[in-house]
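1. I'll drop the sequence and a predicted model, then ask my questions.
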There are 2 protein chains.
Amino acid sequence: MTQQMAASSFVPCTTATGPSTGFLSRLNFNDRRQLMALGERVPRGANEVLFAQGAPAARCFSVIEGVVCLSRSIGDNRRQIVGFALPGDALEIAAQQRHEVSATTIGPALVWEIARESFAQFVSHRPYVLHAVIASVATDLTDAHEQMFSLGRRPAEEKLASFLTEWRERLLRIGKDVEPLPLPMSRRDIADYLGLTVETVCRTLAKLERRGAIEILPGRVRLIVEPDELLRSCA
Amino acid sequence: MTQQMAASSFVPCTTATGPSTGFLSRLNFNDRRQLMALGERVPRGANEVLFAQGAPAARCFSVIEGVVCLSRSIGDNRRQIVGFALPGDALEIAAQQRHEVSATTIGPALVWEIARESFAQFVSHRPYVLHAVIASVATDLTDAHEQMFSLGRRPAEEKLASFLTEWRERLLRIGKDVEPLPLPMSRRDIADYLGLTVETVCRTLAKLERRGAIEILPGRVRLIVEPDELLRSCA
DNA sequence: CACCCCGATTGATGCACGTCAATGCCGGTT
DNA sequence: AACCGGCATTGACGTGCATCAATCGGGGTG
């Protein structure tokens, strides 16, 4: 049962002006059920835009199935992915006025959506829910800080190694199969997340494979050595 | 008076598992006065550690005077500064268990500190304060995302240009003199904030000066061209 | 004043990673 | 089956920034 709770407990995500990590799983059963009923479940196709940077933040979201990528862009070419949201992760629950990032599905997804006023009204009767919001955003912030460290202070090989191990951790926490590790996002997405180019991501993965640390499969990667060992081998 | 309000309104900062931006200034006069009375004002010297990454988060902080640098480190050499906190900025008000970053003063500072239980108790009588906490952390998160973009997708020159203009913006918002722009942090701090080396920071600043965009003074920089123009000249 | 230490600056050199380009692969369309 | 477009991979090449190293300057201390 500890197991059960750990599984229903969530996952770091990152989001715009305040999406949140595993927010829903921090609520008790009744609250969660009532809140979910106030929103709607929307099936989404691949590469659909849930909301765009700069648009008014009229709704809150939570991923039910699939992966949603959160990014910040300038112009058409430069894009920084600030996080990948997994099932259980909430998006924009702390947003103020406008979306500070864009959210795009990676592959088909099921997304729960609720009008911001409905959410505010729900919370107004249950102020204790605000603690869950805070915990959720705080987790997002910590994740952002960790990613800032990777972006600024890690060489390409170590970026990939830490990305793979953390992605594996997150999938494990929500009970997904990680053997071999699924990588639903494109090489470009990984590059835009790690501050690299597509080519460097490919080459670095190939290098890790030549070294015998991983095995590259279509849409997946098998970790051969222990995650810890993988990271240490980069230092 | 709009002016007045704008001045008392604060400034993005960034922090550990949930420091917050100008949190105190989001409270009404009475709440702020009562809350402040529950904590204490502590004078700090230069380079003092307010709290260290990994330590239990026993207190909340707010900068009253001076600058506090928030960083995440691995080993002795690699450090990523995730933000500089200015007067009005709160630190760790959303922290969960442990500090996820370290906080160190840059030069002498005056810091307000409060035990986490005292803060929790204060809030328990005033649930609406939680909205201020959320807004504060959400701002931190947006700032973190913006910084992730800089770290991952901007060349050195543009990193410096955006750093200077944003630093100027923040000082202006709290009513500081920015002519010429004070840079109380060391070149190493700037480097660790932007994901560069000290040498690159020096050289890039020198390049901007040769171009006539800025003038380098001891502990300060004078912006010659408009901030917008400075950024555009890097593209 | 001489000394020292630390931060800032500048130069010389090397490498990691970006850029440019070609090829292969796969799924979808006609 | 032939065609096409997008993604992945690999190679050749260039460069932005790191690394290594030396100098300079200012503040603190004997």
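-> Perfect, thanks for sending it.

2. Strands of chain A, start to end?
-> A:40-44, A:49-51, A:59-74, A:78-85, A:90-91, A:102-115, A:181-182, A:214-217, A:220-223 (DSSP state E).

3. And the last one, what does it pack against?
-> Using 3 or more CB pairs under 8 Å, 6 or more residues apart in numbering or on different chains; DSSP states H and E as the contact test, the elements touching strand A:220-223 are helix A:156-173, strand A:181-182, strand A:214-217. Just so you know, the C-beta spots here come from the backbone N, C-alpha and C atoms, and that holds for glycine as well.

4. who does the shortest one pair up with?
-> Read it as strand A:181-182. Sheet pairing of strand A:181-182 (DSSP bridges) gives strand A:220-223 (antiparallel).

5. With just CA atoms, put the strand it pairs with into CSV.
-> Coordinates of the C-alpha atoms in strand A:220-223 are reproduced here as CSV (Å, rounded to 0.1, in the frame of the first residue of the first chain):
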residue,chain,number,x,y,z
ARG,A,220,13.4,3.7,-27.2
VAL,A,221,16.7,3.4,-25.4
ARG,A,222,17.8,0.5,-23.2
LEU,A,223,20.0,1.5,-20.3
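
6. burial of A:Ile190, as a residue count?
-> Per other CB atoms under 10 Å in any protein chain shown, the neighbour tally for A:Ile190 reads 23.

7. which residues touch the closest residue to DNA strand D within chain A?
-> In chain A, the residue that lies nearest DNA strand D is A:Arg187 (3.2 Å; CB to the nearest atom of the strand). A:Arg187 is in contact with A:Val198, A:Val201, A:Cys202, counting by CB atoms under 8 Å, 6 or more residues apart in numbering or on different chains.

8. Local confidence estimate at it?
-> pLDDT recorded at A:Arg187 is 98.

9. do the same with A:Thr15
-> Value for A:Thr15, per-residue pLDDT: 37.

10. before we move on, back to that, deepest in the core, which of the strands of chain A is it.
-> The highest average neighbour count among the strands of chain A, using mean count of other CB atoms under 10 Å in any protein chain shown, belongs to strand A:90-91 at a mean of 30.

11. Tell me which other helices or strands that one touches.
-> In terms of contacts (3+ CB pairs under 8 Å, 6+ apart), strand A:90-91 is packed against strand A:59-74.

12. Any part of the strand it packs on near chain B?
-> Yes: using CB under 8 Å from any CB of the partner chain, strand A:59-74 comes into contact with chain B via A:Arg72, A:Ile74.

13. neighbouring strands for that strand, and are they parallel or not?
-> Here, using DSSP bridges, strand A:59-74 pairs with strand A:78-85 (antiparallel), strand A:90-91 (antiparallel), strand A:102-115 (antiparallel).

14. right, and these - which one's nearest A:Glu40?
-> In terms of CB to CB, the element of these nearest to A:Glu40 is strand A:102-115, at 5.9 Å.

15. Of the contacts of A:Arg187, which is the nearest to A:Ala161?
-> For the contacts of A:Arg187, the nearest to A:Ala161 is A:Val201 (12.3 Å; CB to CB).

16. roughly how far apart are that closest one and B:Gln53?
-> Counting by CB to CB, to the nearest Å, the gap from A:Val201 to B:Gln53 is 29 Å.

17. More neighbours: which of these two?
-> Shown here are A:Val201 and B:Gln53; by other CB under 10 Å, A:Val201 has more neighbours (23 against 18).

18. Find out how far the longest helix seen in chain A is from the centre of the chain, if you would.
-> Longest helix in chain A by number of residues, with DSSP state H as the criterion: helix A:129-153. Chain-centre distance of helix A:129-153: 11 Å, with CA atoms, centre = their mean, to the nearest Å.

19. tell me the angle it makes with helix B:129-153.
-> 20 degrees (axes from the mean of the first three to the mean of the last three CA atoms, to 10 degrees).

20. now the angle between helix A:156-173 and helix A:129-153, please.
-> Using the same axes, to 10 degrees: helix A:129-153 against helix A:156-173 is 160 degrees.

21. List, one by one, the residues from chain A near DNA strand D.
-> Taking CB under 7 Å from any atom of the strand as the contact definition, chain A meets DNA strand D at A:Ser186, A:Arg187, A:Arg188, A:Val198, A:Glu199, A:Cys202, A:Arg203, A:Leu205, A:Ala206, A:Ile216.

22. does the last one really touch A:Thr204, like I thought?
-> No: using CB atoms under 8 Å as the test, A:Ile216 is too far from A:Thr204 to be in contact (11.2 Å).

23. If anything else comes up later, I'll come back, but that's it for now.
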